[in-house]
Structures are given as structure tokens and as C-alpha cells.
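J.: sequence and predicted model, in that order:
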Amino acid sequence: MNGQHLQGKLVRLCSPADAESMGKAWSRWSQDMDYYRSLDSDPPRFFSAKFIKDEEEKNQEKVDTGSFFFTVRTVQEDRLIGFTALWEISWPHGEAFVSIGIGEPEYRGRGYGTEAMQLTLEYAFEELNLWRVSLFVFESNLRGIRSYEKCGFVREGVIRQAMRRDGRRWDWYLMGVLRPEWQALQAAQPET
Ligand SMILES: CC(C)(COP(=O)(O)OP(=O)(O)OC[C@H]1O[C@@H](n2cnc3c(N)ncnc32)[C@H](O)[C@@H]1OP(=O)(O)O)[C@@H](O)C(=O)NCCC(=O)NCCS
């Protein structure tokens, strides 16, 4: 990270884009079966840009202290490529879940998602003062699992055979990272 808040070398975390841009991007991403099926166990739905835009307009009016949503934009071209979200935040216990999606396919597998997750964890631990962050990932999502391990997540549990897909059943993994683990990882990283 280059020291600038919520910005790394590749991406920065931003507030939601205007509802129209979010609608167009989210609708396009929802047509991508690989993306949708990595993100969600629900059968894929192809959302129209108008549907997302209308939902987004309602969301942007709400102040919800139980979740934080970020768009992920590239540093170089300022392009909207995905999102991260902290949700189900429990303030008494200092814990939350995190979700991530790099919707633009050409930006997957190039380090953008890992950096976006690292920035989201920085926000969770440094700004929100959380103690742990959890996520669920499908057994089949090897790229996601590797990316989360690089961010300090460890596998804590297995939800056995929770998903039926492509003629077989798949496990879900519960992964989590604690603030001291994340801090140790930061301390071990060379200064840039
Ligand atoms: C999951 C996701 C956020 C990861 O972000 P990304 O930018 O694609 O991932 P990165 O390039 O930062 O890192 C991927 C790592 O997985 C590794 N990897 C890629 N494919 C792999 C595979 N089949 N098996 C094992 N490791 C794999 C890469 O080599 C890289 O590790 P390395 O840097 O040590 O070489 C992104 O791919 C995404 O949004 N996918 C679609 C939606 C999704 O899965 N969301 C998460 C649901 S839990």
C-alpha cells in the first residue's frame, strides 16, 4: 500500500457510483455465469440495469450502520471493476462478514481482488475497530480461497455438502481472520 487511505497500488475503495452507473455495471456482471456462480449459490438471475438502478436509489437513501459497501476502482484508469462489502456487523462483539466481487473479468487473477480485500480489512480493523472478519467461500472457488489466505484468512469450518451444482454436492468453507493476525501480516510485509 502506498500510504494513501483506502488506496493501494492497483485499486482504491470508493463510495457507490451513481445509481445509473451501478445499474449498468451490476447488470452486466450478473450476466456472467462464472462470476455469479462463484459469488452466490442462488440460481443465476439476470438483473436489468433499471432494476439495479431503482434498488440502488433506495439503498443510497438509507443510513445503515450494520454494513459498509465499497466500489472497487482501478487506480490507473479510475474504472469501476467490482465491489466489497462489510455486512452483519456486530458492534458488541466487533465482528462482521465480508463479500467481494471483481465483476470485470479481465481484472480477475491479476492481484486486484487480493488488494481490494486487504484494503477492506484495513478499514474493518483500523477504522471500525473490529476484532474478526469472516466469509463463506465455495469449495470450488480455488482462486478465492488462495486470495483470502494471502490476506490472512484461515479455514475455520466446513459446511458439508451445502450446495448442489453440476451433478455433485460441494462444501462451503467458513474462513476468518483476527485483527492480531492481520496486524502480524502487515508488520511482516516489506515497506513500499
Ligand atoms: C475471488 C476474487 C475476489 C479474487 O480476486 P482476484 O483479483 O481474481 O485474485 P488475485 O489475482 O488477487 O489472487 C488470486 C490467487 O489465486 C491463485 N489462483 C488462481 N487460480 C487458482 C486455482 N485454480 N487454484 C489455486 N490458486 C489459484 C492465483 O495464482 C493468485 O495467487 P498468487 O498471487 O499466490 O499467485 C475474484 O476472482 C472474483 O471476484 N471472482 C468472482 C466472484 C467471486 O468469486 N467472489 C468471491 C466469492 S466468496
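T.: Nice, thanks for sending it over.
J.: in this structure, which helix or strand is least confident?
T.: Of all helical and strand segments in the chain, the minimum by mean pLDDT, DSSP states H and E falls on helix 49-61, at a mean of 86.
J.: alpha carbons of the helix or strand following that one, in PDB - could you do that?
T.: Later in the chain than helix 49-61, the nearest helix or strand by DSSP states H and E is strand 68-74. Listed next in PDB are the C-alpha coordinates belonging to strand 68-74 (Å, rounded to 0.1, in the frame of the first residue of the first chain):
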ATOM      1  CA  PHE A  68     -20.400  -0.800   4.600                       C
ATOM      2  CA  PHE A  69     -20.400  -1.100   0.800                       C
ATOM      3  CA  PHE A  70     -17.500   0.000  -1.400                       C
ATOM      4  CA  THR A  71     -17.000   0.100  -5.100                       C
ATOM      5  CA  VAL A  72     -13.600  -1.000  -6.300                       C
ATOM      6  CA  ARG A  73     -12.000   1.200  -8.900                       C
ATOM      7  CA  THR A  74      -8.600   0.900 -10.600                       C
END
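J.: give me every residue that touches residue 163.
T.: 41, 138, 169-172 (Cβ atoms under 8 Å, 6 or more residues apart in numbering). Using the backbone N, CA and C atoms, a C-beta is placed for each residue, glycine as well.
J.: mind checking pLDDT for it?
T.: Residue 163 carries a pLDDT value of 96.
J.: burial of the residue nearest to residue 14 when sequence neighbours are not counted, as a residue count?
T.: Counting by Cβ to Cβ, 6 or more residues apart in numbering, residue 71 is the residue found nearest to residue 14 once chain neighbours are left out, at 4.8 Å. Here the count is done by other Cβ atoms under 10 Å, and residue 71 has 21 residues near it.
J.: which of the contacts of residue 163 has the most neighbours?
T.: residue 138 (21 neighbours).
J.: who's that one bridged to?
T.: residue 172 (DSSP bridges).
J.: just checking, it touches residue 41?
T.: Yes: at 7.3 Å, residue 138 and residue 41 qualify as touching, with contact defined as Cβ atoms under 8 Å.
J.: find the residues that touch each one of the two.
T.: By the contact definition Cβ under 8 Å, 6+ apart, residue 138 and residue 41 are jointly contacted by 163, 172.
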